[in-house]
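Kindly generate the corresponding structure for this input.
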Amino acid sequence: MSEYAPHDLQQESDVTGQVAQFVSTLHFAQLPGRVVERAILALLDTVGVALAGQRCSPGEQILAYVRRQGGVSESSVLGARFVTSAPWAALANGVLAHALDYDDTTYGMNGHLSSVLMPVVLALGERARARGRDLITAYVAGFELGSRLGRDLNPDHYEAGWHSTATIGHLAAAGAASALLQLNPGQTRMALGIAATAAGGLRANIGSMTKPLHSGLAAQHGVMAAQLAQAGWTATSDGLGARYGFASLFAPGRPLGPAFVDLGTSWDIETVGVAQKLYPSCAATHRAIDALLDLRARAGLRPEMIAEISCGVDYLVPTYLTFPQPRTAEEARFSLEYTLAVAAIDGQVGLRQFEPDRLHDPAVAELARRVRMYVHPEEAGRESWQVRFVDLEVNLQDGRRLHRRVYEQRGHPNNPLSADELAAKYRDTAGRVLSAAAVEESLALLRQLDQLDDLEPLIRLLRGAASV
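Residues are numbered from 1 along each chain as shown. Here you go, the predicted model:
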């Protein structure tokens, strides 16, 4: 296989070369135990939310669309009882994983890596009859690439209006796919170049069905990029760092490379971490929800006591929580006003709170009108990019004021969910599609993913039934 490509502007010392070498030589034995554990939990959680993603309009529509495309029978669509080609399966599973905004968050990237990476490694892993440890290794390869690229390019990249899950997600997906397919360094360079040219995704689409499509497209294009590179397709050999490459166009002026200095010796999945979600809404709502639920539990706060809720947030939050009076579930997931109002009334924010009768409850809408979001003075500058909190103040009808400040919501890497909490979430999400027995069997297999030499029993359970 030729490793020639046009436009070889730099040698192996560039970031693209460094990444290609890392991805193509990474082996499971190199992964510390804590890294393996975090990857398993991330994959388990993401599979669960993808299964639940069938039970909403974006999930239903993407399943119908992908089913119509046909495709060779090589990769399963989660819970959907059919098999299609790997790129189409990755598209469907990526949309399902992000459809409820219940998937985990990667703060370095300011996006959602697992909803992009899980569909890639599952689709190609099934096709290649890979072992569980191969899926974990590929997931970690893609995670390290995506998280570090995000750390180098943000906040400029995100501030400019790019949705990192879509843009950076393309590169992460290509890295994971290249690792799963065991591409050599030259082929991996090509895959990254192909993925870089396919990348895109607008924050303007937040609150619409196209936001979860970003995860699906990144996963699909990552699979395609690696498969094309494996077949000999050429691209720039420096997709990340070339003069007109990914970094220079998506974050002009930002240095590419500082976050990659310790690639392979330190692990972002451990040091930066993965934030798993307790609530199926934008992560930017979670600190505020935690604060309000805490006041409700500790101070006996009830909705009829509330005169006004004020919430101080960081400077970016008002640019994507833009739906004070949401009309759809997609908009409600990006509404601080709605999520706080329904939390105050229901005492919880779960999948039930985004069903039509809750969305259009006059009592929720009336309380939402009394929620005020503002940029907190301590969070008004860019230095707050990695040090974030919310300041929640509830003014009561009797003149009293209740206050909570939350830095690390439940599920944050520094305040992680317990194994029991993640298992309960999996039972709830997966149980909306799978039988009770299949939920328990798949949960047990996912927990020991690193020990599985044959994925077929797990895949069969996650598919929901024999293919039709």
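
which stretches of the stretch 101-250 of the chain have low pLDDT?
Counting by pLDDT under 70, the stretch 101-250 of the chain contains no low-confidence residues.

Which residue ranges of it form helices?
114-128, 132-153, 156-159, 164-180, 185-198, 210-230, 246-250 (DSSP state H, counting those that start in this stretch).

the helices in the stretch 351-468 of the chain, which residues?
356-359, 362-368, 419-430, 436-447, 456-463.

Can you give me the distance of the residue of the chain positioned farthest from its centre to E421?
Distance from the C-alpha centroid of the chain, by CA atoms, centre = their mean, peaks at D398 (42.2 Å). Note on D398: its distance to E421, by CB to CB, to the nearest Å, is 35 Å. The C-beta positions use only the backbone N, C-alpha and C, and glycine is treated the same way.

Check P185 too.
40 Å.

picking up where we left off before, of the helices of the stretch 351-468 of the chain, which is nearest D391?
helix 362-368 (19.0 Å; CB to CB).

Neighbour count for P185 and E421, which is higher?
Neighbour count, other CB atoms under 10 Å: between P185 and E421, P185 has more, with 20 against 14.

Let me have the helices of the stretch 351-468 of the chain in JSON lines, adding mean pLDDT and distance to Y102 as columns.
Below are these laid out as JSON lines (pLDDT from 0 to 100; distance: least, CB to CB, whole Å):
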{"stretch": "helix 356-359", "mean pLDDT": "94", "distance to Y102": "16"}
{"stretch": "helix 362-368", "mean pLDDT": "97", "distance to Y102": "20"}
{"stretch": "helix 419-430", "mean pLDDT": "96", "distance to Y102": "7"}
{"stretch": "helix 436-447", "mean pLDDT": "98", "distance to Y102": "16"}
{"stretch": "helix 456-463", "mean pLDDT": "97", "distance to Y102": "17"}
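
Mind checking these for the one nearest to G264?
That would be, of those and by CB to CB, helix 436-447, which comes in at 26.4 Å.

where in the stretch 251-400 of the chain is pLDDT low?
384-387.

cutoff 90 now
379-388 (pLDDT under 90).

ok, which stretches of it are strands?
Counting by DSSP state E, counting those that start in this stretch, one finds strands in the stretch 251-400 of the chain at the ranges 306-313, 371-375, 390-396.

could you check the angle strand 371-375 makes with the longest one?
In other words, strand 306-313. 20 degrees (axes from the mean of the first three to the mean of the last three CA atoms, to 10 degrees).

Please enumerate residues in contact with strand 306-313?
For strand 306-313, contacts defined as CB atoms under 8 Å, 6 or more residues apart in numbering pick out 284, 288, 292, 321, 336, 340, 344, 367, 370-377, 379, 390-397.

and what of the second one?
Contacts with strand 371-375, where a contact means CB under 8 Å, 6+ apart, come from 308-315, 317-318, 321, 324, 336-337, 340-341.

So L63 sits against A80, correct?
Yes. Using CB atoms under 8 Å, L63 makes contact with A80 at a distance of 5.3 Å.

what touches both of those two?
Counting by CB under 8 Å, 6+ apart, the residues touching both L63 and A80 are Q54, A92.

ok, and G59, which helix or strand is that part of?
Taking DSSP states H and E as the criterion, the element that holds G59 is helix 57-69.

Check which helices and strands the following helix or strand past that helix sits against.
Sequence order places strand 75-77 as the next helix or strand after helix 57-69, per DSSP H and E. If you count contacts as 3 or more CB pairs under 8 Å, 6 or more residues apart in numbering; DSSP states H and E, strand 75-77 packs onto helix 57-69, strand 82-84, helix 86-98, helix 114-128, helix 456-463.

right, and those - which one's nearest A191?
For A191, the closest of these is helix 114-128, at 11.5 Å, according to CB to CB.

next one: that closest one to chain centre, how far?
14 Å (CA atoms, centre = their mean, to the nearest Å).

residues touching the residue nearest the centre of the chain, list them.
Among the residues of the chain, the one closest to the centroid is H112, at 2.2 Å (CA atoms, centre = their mean). Applying CB under 8 Å, 6+ apart to H112 gives the contacts H98, D103, D104, T105, T106, T165, G169, S215.
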